[in-house]
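[1] Can you look at this prediction? I've put the sequence above it.
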Amino acid sequence: MTELAVTKLEHLKGDAESLKELIIDHLRYTLAKDRYSATKRDLFHAIAYTIKDHMVGKWIQTQQQYYDADAKRVYYLSMEFLIGRTLENSLVNLGLLENCRKAIHDLGFDLDLLMEMEADAGLGNGGLGRLAACFLDSMATLGIPGYGYGIRYDYGIFTQTLHDGYQQETPDNWLRYGNPWEICRSQYLYPIKFYGRVTEYTDARGNTHAKWVDAQEVMAMAYDTPVPGYNNETVNTLRLWQAKSSRGFDLNYFNHGDYIRAVEDIALNENISKVLYPNDNIFEGKELRLKQEYFLVSATIQDIIRRYNKGHIHLDSLPDKVAIQLNDTHPALAIAELMHILIDREELNWEKAWHLTRETFAYTNHTLLPEAMERWPVHLLEKVLPRHLQIIYEINEWWLAQVASHFPGSVEMQRKLSIIEEDNEKRINMAHLAIVGAHKVNGVSALHSELLKHQVFKPFCEINPDKFTNKTNGITPRRWLKLCNPSLAQLITSRIGEDWVVNLDDLRRLIPYQDDADFCSEWQKIKHQNKEHLSNLILSEEKIQVDPHSMFDCQIKRMHEYKRQLLNIMRVIHDYRYLKDNPNAPFVPRTVLFSGKAAPGYLLAKLIIKLITSVADVVNHDRAISDKLKVAFLENYRVTLAQRIVPAADLSEQISTAGTEASGTGNMKFALNGALTIGTLDGANIEILEEVGPENIFIFGLKTEEVHALKQKGYQPRDIYQQNQELRQVIDMIQNGFGNDELFHPLVHSLLDEGDQYCLLADFASYLDCQKKVSALYTNQAEWTKKSIHNVAKVGKFSSDRTIKEYAEEIWRLD
């Protein structure tokens, strides 16, 4: 870059004119376009390159400061980072949004339209990946030396379209037009081994060593994306790995004319980072997922050791300078990989390597569902990662000795706590490996952590009670209020200043304003404007006309039976039947909005989507109920769509079965934007209740212990079906198919004949009663608005800044 360009960069915050000139420079010199021939996408890229230029100086300076201070660094390993779009978030954090808007206006374009050119970086399936992205934002904002490590998938979470109400999946080619934010670091290229066998040899001192030989190699190449903090000088790094073949094509095949076979190995090797890991129903898919997980951890651990060795001669200080956080069990192989490097490459003795490893790792558990706990077949690890299987067996031998000392003579405890499961097929329990190999284990809400300690991992907790802790999840207020709801953010700032952006507890200063008539009027006006914007989007994308004066009742999240979208649509069917039977009865108009993706192989979840769209088709075309009830399923749920739905929501549906949702963060996003919550006592709903007070939230349904007691007693859902006429009518309507004959029989069968695993029938009556309370309150808009303001004022706890501070102090042990 020229000296003139650098000088211009220094004045970006105060001078939109110089920003405009830099954008034009990038059009000309980077993209070979002028302002007249440039397309909207060209302009988007020129803006992105300009803003990245602005971050580069801070980025280099940040990394140099970490080296100069010999700072302890945090490495956040996650298979998923659901980043969304980067441009607007960067402009907000850097304080350049208004300058950029003016510069683009002067060029004759609308910045909002140009930002639509950016693809969502959908490198995650749901909350796990979005949480990781929020944590990176908070680490940078707090000035913590943090690095995100993940995989640069060519294809992220699939694009969802609806055809005749059925979900269809198409590849998400988010890199089709390039990614202007990333920088390829080709010098950071690491070999990743698979397959082969393990031999032993004895060195000159008579020590026996293992050697992994005859392995296949894939290369991992680094791609870095800057992560700017809010209104500070910190720019951290998200490093994503892409798989590259370790060699070119086979000339023997090429010379004999078999050109496809010549490049076949390259294609197979590079498949590892091709797509966000697939459904596990197919064995080959399982092997690919295992290879993806090891690909991530091997490249990352090699990179961490390289960086550590730049400033340290001995590995003794590793836990003092390195903290590695495992985001769920997917990267748990990092424990075995670090042992592999310390023992086989650095030649430490086993005991010292194991001490350093345990003091370096911490593990976050994200689920209570047994089917979500990873258990890899031993024969698969033996085939793909033979050396790591040996190390895991050695770790398990050490661990079972600890178990024996705490539970003398108990074979049952040895069996229950072993990392190697012996039932039927031998499997490696990755959660057990993560617990044994970490110095801290945390859940992600108070309830979740208690269930981990007292139920799921109770014996582990009995052996190491101080190891287990809670770190309730949070969300970044930069993206989830200041960016996505700018009008509300401006209103809040006009009354209490802008400190809330980095100190969310400051929102408590809004409490006096819930009795301020002018403030409440402005609050209502902003909510209505947001609802009008979303109504226009629904009309444009879904061809459904909705009334912004109606209550916007929203459930947006990954489609899963335990999240109980089925319970929600059963309530809609009940309301529809009520309106048909009582056309003149008072009824608070509602627009019920759903959005979320079902895993491609999850047939019941996909059938629930079809039921929702079928009900919507009937309800929305029934003139007899006019505009009293509308239903819409917004397709292709993603971060950008959530940013449009959340500010417009009146009611947030958080209705998972008690004891199934680890935390949830959608509940936090809605509450932060003024929606009231209807929910069960599950996950972080409990802590939201504690913060906002029982009079400002709608709670229904069985508690966790009541769900357990009901199932212990022998839950009979068909009895409830027989006894509750309203429920029976709803289920019979589903049985009759809404014009689809017997299509929905599997859903009815799961409720009546397969035990209703998630207790929809048990909670149905309570849910209806609670919804009546919601409707009654909504008729009193003054009181509803007061509670909306109160919710926003009291959810400061749920900032990811607070969560990260707790990790930093209590788990990562940072100064």
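    The structure has been received and is ready for your questions.

[2] if you go through the stretch 101-250 of the chain in chain order, where are the helices?
    111-115, 127-141 (DSSP state H, counting those that start in this stretch).

[3] Quick check: which of those is buried the most?
    Neighbour counts (mean count of other CB atoms under 10 Å) averaged over each of the helices of the stretch 101-250 of the chain peak at helix 127-141, with a mean of 26. For every residue, glycine as well, the C-beta is placed using N, CA and C.

[4] picking that back up, can you redo the helices of the stretch 101-250 of the chain as CSV, where the extra columns are distance to Lys40 and mean pLDDT?
    Output for these, formatted as CSV (distance: least, CB to CB, whole Å; pLDDT from 0 to 100):
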stretch, distance to Lys40, mean pLDDT
helix 111-115, 6, 97
helix 127-141, 26, 97
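
[5] what about Lys274, how many neighbours?
    17 (other CB atoms under 10 Å).

[6] returning to what we had before: distance to Leu672 added to the helices of the stretch 101-250 of the chain, as CSV?
    Formatted as CSV, the helices of the stretch 101-250 of the chain follow (distance: least, CB to CB, whole Å):
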stretch, distance to Leu672
helix 111-115, 22
helix 127-141, 12
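
[7] Of all the ones you listed, which one comes closest to Arg571?
    Arg571 lies closest to helix 127-141 among the helices of the stretch 101-250 of the chain, at 23.5 Å (CB to CB).

[8] Quick check: Ser750 touching Leu761?
    No: contact criterion CB atoms under 8 Å: Ser750 and Leu761 do not qualify, at 10.9 Å.

[9] Pick out whichever of those two has more residues nearby.
    Of the pair Ser750 and Leu761, Leu761 is the one with more neighbours under other CB under 10 Å, namely 22 against 19.

[10] Just confirm that one contacts Tyr721, I think it does.
    Yes: taking contacts as CB under 8 Å, Leu761 lies within contact range of Tyr721: 6.3 Å.

[11] Mutual contacts of those two, please.
    Counting by CB atoms under 8 Å, 6 or more residues apart in numbering, the contacts common to Leu761 and Tyr721 are Leu727, Leu751.

[12] Give me the phi and psi for the residue sitting furthest away from the middle of the chain.
    Centroid-distance maximum for the chain: Ala204 at 50.3 Å, with CA atoms, centre = their mean. The phi and psi values for Ala204, taken as degrees, to the nearest 10, are phi -60, psi -20.

[13] what's the pLDDT at Asp423?
    For Asp423, the model assigns a pLDDT of 85.

[14] Neighbours of it, how many?
    Asp423 has 8 neighbouring residues, counting by other CB under 10 Å.

[15] Check the secondary structure at it for me.
    Put simply, Asp423 is coil when judged by DSSP: H, G, I helix; E, B strand; the rest coil.

[16] same check, this time on the one 10 residues further on
    Following three-state DSSP, we place Leu433 in the helix state.

[17] which residues sit in contact with it?
    Contacts of Leu433 by CB under 8 Å, 6+ apart are Thr329, Ala332, Ile335, Ala336, Ile392, Ile395, Ile419.

[18] next one: Ile720
    Residues in contact with Ile720 (CB under 8 Å, 6+ apart) are Leu727, Leu761, Ala762, Phe764.

[19] next one: Glu783
    Counting by CB under 8 Å, 6+ apart, Glu783 has contacts Leu777.

[20] wait, is it part of a helix?
    Yes: assessed with three-state DSSP, Glu783 lies in a helix.

[21] For this protein, give me the ranges with low pLDDT.
    Across the chain, the ranges flagged by pLDDT under 70 are 1-14, 247-265, 278-285.

[22] Mind doing that once more with 80?
    Scanning the chain for pLDDT under 80 picks out 1-14, 246-268, 277-285, 370-372, 626, 815.

[23] any idea how far Gly739 lies from Val618?
    To Val618, Gly739 is 7 Å away according to CB to CB, to the nearest Å.

[24] and these two? which has more neighbours close in?
    Using other CB under 10 Å as the criterion, Gly739 and Val618 rank with Val618 on top: 14 against 9.

[25] isn't that one right next to Tyr576, touching?
    Yes: assessed by CB under 8 Å, Val618 is found in contact with Tyr576 at 7.5 Å.

[26] Show me whatever sits in contact with both of those two.
    Contacts common to Val618 and Tyr576, judged by CB under 8 Å, 6+ apart, are absent.

[27] thinking Lys531 is in contact with Ala648, fair?
    Yes: using CB under 8 Å, Lys531 is in contact with Ala648, at 4.6 Å.

[28] Not counting sequence-adjacent ones, nearest residue to Phe744?
    Closest residue to Phe744 in three dimensions, ignoring its sequence neighbours and counting by CB to CB, 6 or more residues apart in numbering: Ile734, at 5.1 Å.

[29] was I right about the one you found contacting Pro746?
    No: in this structure, Ile734 is not within contact of Pro746 by CB under 8 Å, at 10.6 Å.

[30] Between the two, tell me which one has more neighbours.
    Neighbours were counted for Ile734 and for Pro746 using other CB under 10 Å; Ile734 has more, 22 against 13.

[31] right, and the helix or strand after the helix or strand hosting the more buried one?
    According to DSSP states H and E, Ile734 maps onto helix 725-736. Using DSSP H and E, the helix or strand that directly follows helix 725-736 along the chain is helix 745-752.

[32] Report the spatially nearest residue to Cys759, omitting neighbours in sequence.
    Residue nearest to Cys759 in three dimensions, not counting chain neighbours: Thr657, with 5.4 Å by CB to CB, 6+ apart.

[33] contacting residues for the one you found?
    Applying CB under 8 Å, 6+ apart to Thr657 gives the contacts Tyr562, Arg564, Thr680, Asp682, Gly701, Leu702, Val707, Tyr758, Cys759, Asp763.

[34] Repeat that for Thr159.
    Contacts of Thr159 (CB under 8 Å, 6+ apart): Glu169, Thr170, Pro171, Asp172, Asn636.

[35] Tell me, how many residues neighbour the first one?
    Around Glu169 there are 15 other residues, counting by other CB under 10 Å.

[36] residues in contact with it?
    Contact analysis of Glu169 by CB under 8 Å, 6+ apart lists Phe158, Thr159, Gln160, Pro600.

[37] what about the last one, is that helix, strand or coil?
    Put plainly, it is Pro600. Here Pro600 is recorded as coil under three-state DSSP.

[38] Break down the stretch 501-650 of the chain into its strands, ranges please.
    551-556, 590-595, 629-633 (DSSP state E, counting those that start in this stretch).

[39] Columns distance to Gly409 and mean neighbour count on top of those strands, output as TSV?
    Formatted as TSV, the strands of the stretch 501-650 of the chain follow (distance: least, CB to CB, whole Å; neighbours: other CB atoms under 10 Å):
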stretch	distance to Gly409	mean neighbour count
strand 551-556	51	24
strand 590-595	54	25
strand 629-633	57	24
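
[40] Reformat the ones you listed as JSON lines; add distance to Ile324.
    Listed next are those as JSON lines, based on distance: least, CB to CB, whole Å:
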{"stretch": "strand 551-556", "distance to Ile324": "32"}
{"stretch": "strand 590-595", "distance to Ile324": "34"}
{"stretch": "strand 629-633", "distance to Ile324": "40"}
